[in-house]
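Engineer: what shape does this take:
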Amino acid sequence: MSLKKISKNQPDNFVFDSNNLEEAEKIIKNYPKGKQKSAVMALLYIAQKQNNNWIPLSAMKYIAKMLDMPYIKVYEVATFYSMYNLTPVGEYFFQVCTTTPCMIRGAYKLVDVCKKKISENESEISKNGKSSWMEVECLGACVNSPMVQINDDYFEDLDEEKFSKIIDQIDKNQKPKPGSYRGRLSSEPENIRKTLLSNKNA
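Structural biologist: Presented below is the predicted three-dimensional model:
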């Protein structure tokens with residue numbers, strides 16, 4: 001995985017819009033007085049959603065002031081977690097899990113598809129401006145590997161052909177269906193189910 005980069009092009013200012021400000025204030029009230037900095041991760045996520053799925057430095061400074069905590073502490077959180085984007089991303093943001101279970105089952109073949117159909121480099125927006133991709137650590141769907149998170153949705157049990165079709169659908173302004181691409185429900189066994197059966201049917 002490459003090191004997280006900070007965008008060179010930064011907006012001068014950032015403030016929450018009225019809806020997000022109300023949401024942020026509700027979250028802060030969940031914590032005791034003096035412990036409001038515990039809301040930092042939630043507020044960073046709200047800022048990212050408001051700002052086309054990436055967090056500018058001005059948003060970190062704004063959140064630091066709101067939570068009465070040092071700016072560097074907010075910066076440390078934002079740069080540590082892969083869920084936060086610190087450079088602009090495509091309208092469709094592909095996160096390809098390449099941790100061991102996904103790697104064993106073909107994750108790097110999915111990375112090759114990203115390089116071919118989206119952009120050669122991570123965190124580089126496609127020529128049509130629609131998509132960007134990056135490798136990430138475990139997304140918690142190991143049983144359904146290999147998998148990719150696209151914006152807020154999981155696409156699981158993928159192979160090169162199925163993943164290519166998903167990207168083609170997005171490029172055609174169609175909405176691909178999230179979930180298993182081998183027809184599984186959640187993480188059920190692919191063949192005959194042999195667990196959680198009653199004694200009668202065992």
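Engineer: could you use CA atoms for every contact and neighbour count after this?
Structural biologist: Fine.
Engineer: backbone phi and psi for the residue nearest to the spatial centre of the chain, please?
Structural biologist: Nearest to the geometric centre of the chain sits Met83, at 5.2 Å (CA atoms, centre = their mean). Torsion angles at Met83 (phi, psi; degrees, to the nearest 10) stand at phi -70, psi -10.
Engineer: all strands of this structure, in order?
Structural biologist: Assigned by DSSP state E, the chain shows strands spanning 92-97, 131-136, 148-150, 153-156, 179-180.
Engineer: give me the neighbour count for the closest residue in space to Cys97 that isn't next to it in sequence.
Structural biologist: Once flanking residues are discounted, Cys97 sits nearest to Val136: 5.0 Å by CA to CA, 6 or more residues apart in numbering. Neighbours of Val136 under the rule other CA atoms under 10 Å: 19.
Engineer: in the chain, which spans are helices?
Structural biologist: Secondary structure of the chain (DSSP state H): helices located at 18-28, 40-50, 57-67, 71-80, 100-104, 107-117, 160-171.
Engineer: dump the ones you listed to TSV, plus mean pLDDT, mean neighbour count and distance to Ser126.
Structural biologist: Output for the helices of the chain, formatted as TSV (pLDDT from 0 to 100; neighbours: other CA atoms under 10 Å; distance: least, CA to CA, whole Å):
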stretch	mean pLDDT	mean neighbour count	distance to Ser126
helix 18-28	97	14	29
helix 40-50	97	19	20
helix 57-67	97	20	24
helix 71-80	96	15	24
helix 100-104	96	17	24
helix 107-117	98	19	8
helix 160-171	97	16	10
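Engineer: ok, back up a step: which among the strands of the chain is found nearest to Lys37?
Structural biologist: strand 131-136 (26.2 Å; CA to CA).
Engineer: show me what that closest one packs onto, helices and strands only.
Structural biologist: strand 92-97 (3 or more CA pairs under 8 Å, 6 or more residues apart in numbering; DSSP states H and E).
Engineer: how about exporting the strand it packs on as PDB, limited to the C-alpha atoms?
Structural biologist: C-alpha atoms of strand 92-97 as PDB (Å, rounded to 0.1, in the frame of the first residue of the first chain):
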ATOM      1  CA  TYR A  92     -17.200   6.300  -7.300                       C
ATOM      2  CA  PHE A  93     -14.400   5.500  -4.900                       C
ATOM      3  CA  PHE A  94     -13.200   1.900  -5.100                       C
ATOM      4  CA  GLN A  95     -11.400   0.400  -2.100                       C
ATOM      5  CA  VAL A  96      -9.800  -2.900  -2.900                       C
ATOM      6  CA  CYS A  97      -9.000  -5.100   0.000                       C
END
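Engineer: that one pairs with which strands, parallel or anti?
Structural biologist: strand 131-136 (parallel), strand 148-150 (antiparallel) (DSSP bridges).
Engineer: need these in CSV (columns: mean pLDDT and distance to Lys37).
Structural biologist: Below are the strands paired with strand 92-97 laid out as CSV (pLDDT from 0 to 100; distance: least, CA to CA, whole Å):
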stretch, mean pLDDT, distance to Lys37
strand 131-136, 94, 26
strand 148-150, 97, 28
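Engineer: to Lys115, which of those lies closest?
Structural biologist: Comparing the strands paired with strand 92-97 against Lys115 with CA to CA, the closest turns out to be strand 131-136 (8.7 Å).
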